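**Student:** pasting a predicted model and its sequence here:
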Amino acid sequence: MQFVPSRLLEHGGTACGAAVLLAFGLLQGTEIQTLTLDLLVVTVQFVVLEALSAMAVFTFFVSLTGLLLIREVWQSREPLESVTDGPRLTAVVPVYRDHAVMDVSVESLAASAYENLEVVIVAEPNDEATVERARELAAEYDPVEVLINGESGSKAGAINYAVRERDSDHFAVFDADEWIAPEFLPTAMGQLLEGVDVFQGRRVPRPTGPVETVAYCERIVFHASYKMVELFGFTNCRSSSTAFTREAIERVGGYDDVLTEDLAFAHACYREGLDVRQARHCTNTMEAPHTLRDLWGQRKRWRVGQVEVLHATLVDFLRGRAGRRGLISVGRMCSSLFGCLVTLVLVSKLLLLLVLGVESAFLVPAAALLATIGLVAWRDARDGRIDDLGWSVLFAPLLYPAFGVLTLRSLLEYCLSWDGRWYRVEKTGS
């Protein structure tokens, strides 16, 4: 019998899985639901398709999470406490093959409003071009220093190495292509000095073209979906646009050397009960993928990493090392993956309603989504974070089924063929 390559299994499994979910959604959507109201002298009975009620629930979800995100980005409450001088703050910028883009983060950090700042570029020993550019930047800007990663091979290792090598009690981490707002570090330090363990800002792709605009919209969709989880006490914190105390990172044992070290860090902080404060009106920007291939590859890398972190957390829980918060952490990741798969079920229900002439089933949630993106983008443009959005914003509703296909593909890849390697997006410095 001829051996079937794992890639063929992954593609076939993704297609079959999507077909099964679509078929299940279609069958479920044709079910008849009844609601009976007894009103004294008369009884009123409503008869609807399950597909219609499902889309109504989905529309409510999109609208509610969108409003919560808009409120946070546009919040009018008193600004967070910020300081421009105080204890030393070490900003860590891990770099690898980033010689063409690292000026963005280093120059914006050098222009920060926080005074007592050192910027540590952590370069890989075998990356001569980046090391050379890092040393040029260190010669140009006084706060900038260069470290050669003593735990070479990963971003997590670079961050952990910098924390060990510096004597600061406060740290912030950023990506090489990240533009950091001048007020970000003063705000972050203000929160850390108030007793917060970890401070997380918002980071969005710069929508400089059609694909980049889709990437920007995708981040807004995800930021909105996080709001429901945050209502129950889980706050995301990452390995970029993030500040933390030495005590906090030592309590979680540093960043884990996994594909998505930022997601592992967020769940480790939750399991340790750290005080994480998030402020999405504190916004930095990053370079977006410039091709659909890069956009897909980057997002699949993140999703495979989510499955990896889920696997590791589940193992820890079963071995009694995670506790009650570990179970909630597992549930959080499972709900995220399950929610993405449900989008494929909703697609077939939506198609059924469109065939029946119920165009509002698509138009209403699409309008809610586009309104969310538009209002958040308006704020980002007003703050000088972005210029404007292109016509490809109209493809934003297609992100939901794309999440479903992406999740199926990532689950299969992790189980069948993933060998630890990760997809690297081409960066141009734009």
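**Tutor:** Arrived safely, thanks for sending. Residues are numbered from 1 along each chain as shown.
**Student:** who does the longest helix along the chain touch, helix- and strand-wise?
**Tutor:** Ranked by residue count and defined by DSSP state H, the top helix of the chain is helix 323-355. Contacting helix 323-355 under the criterion 3 or more Cβ pairs under 8 Å, 6 or more residues apart in numbering; DSSP states H and E are the following elements: helix 6-29, helix 50-73, helix 210-230, helix 261-272, helix 292-318, helix 360-382, helix 399-416. Using the backbone N, CA and C atoms, a C-beta is placed for each residue, glycine as well.
**Student:** and residue 38, how many neighbours does it have?
**Tutor:** 9 (other Cβ atoms under 10 Å).
**Student:** scratch that, residue 182 is what I was asking about
**Tutor:** What residue 182 shows, counting by other Cβ under 10 Å, is a neighbour count of 12.
**Student:** likewise for residue 250?
**Tutor:** 11.
**Student:** surely residue 256 forms part of a strand?
**Tutor:** No: with DSSP: H, G, I helix; E, B strand; the rest coil as the criterion, residue 256 is located in coil rather than a strand.
**Student:** I'd guessed it sits against residue 269; true?
**Tutor:** No: judged on Cβ atoms under 8 Å, residue 256 makes no contact with residue 269 at a distance of 11.9 Å.
**Student:** which one of the two has more residues nearby?
**Tutor:** residue 269 (24 against 21).
**Student:** separation between the more buried one and residue 103?
**Tutor:** Taking Cβ to Cβ, to the nearest Å as the measure, residue 269 and residue 103 are separated by 31 Å.
**Student:** from residue 303, how far out is residue 314?
**Tutor:** Distance from residue 314 to residue 303, by Cβ to Cβ: 16 Å.
**Student:** in a markdown table: the helices and strands packed on helix 323-355, plus mean pLDDT.
**Tutor:** Compiled in a markdown table, those are given as follows (pLDDT from 0 to 100):
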| stretch | mean pLDDT |
| --- | --- |
| helix 6-29 | 92 |
| helix 50-73 | 94 |
| helix 210-230 | 93 |
| helix 261-272 | 94 |
| helix 292-318 | 94 |
| helix 360-382 | 96 |
| helix 399-416 | 95 |
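**Student:** could you redo those as JSON lines and give each row distance to residue 150?
**Tutor:** Formatted as JSON lines, the helices and strands packed on helix 323-355 follow (distance: least, Cβ to Cβ, whole Å):
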{"stretch": "helix 6-29", "distance to residue 150": "35"}
{"stretch": "helix 50-73", "distance to residue 150": "39"}
{"stretch": "helix 210-230", "distance to residue 150": "33"}
{"stretch": "helix 261-272", "distance to residue 150": "17"}
{"stretch": "helix 292-318", "distance to residue 150": "24"}
{"stretch": "helix 360-382", "distance to residue 150": "38"}
{"stretch": "helix 399-416", "distance to residue 150": "30"}
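**Student:** ranking the ones you listed by burial, who's on top?
**Tutor:** helix 261-272 (a mean of 23; mean count of other Cβ atoms under 10 Å).
**Student:** what are the contacting residues of it?
**Tutor:** Here helix 261-272 makes contact (Cβ atoms under 8 Å, 6 or more residues apart in numbering) with 154-156, 159, 197-198, 234-240, 242, 248, 251-253, 255-256, 258, 276, 302, 305-306, 309, 312-313, 322-323, 325-326, 328-329, 332-333.
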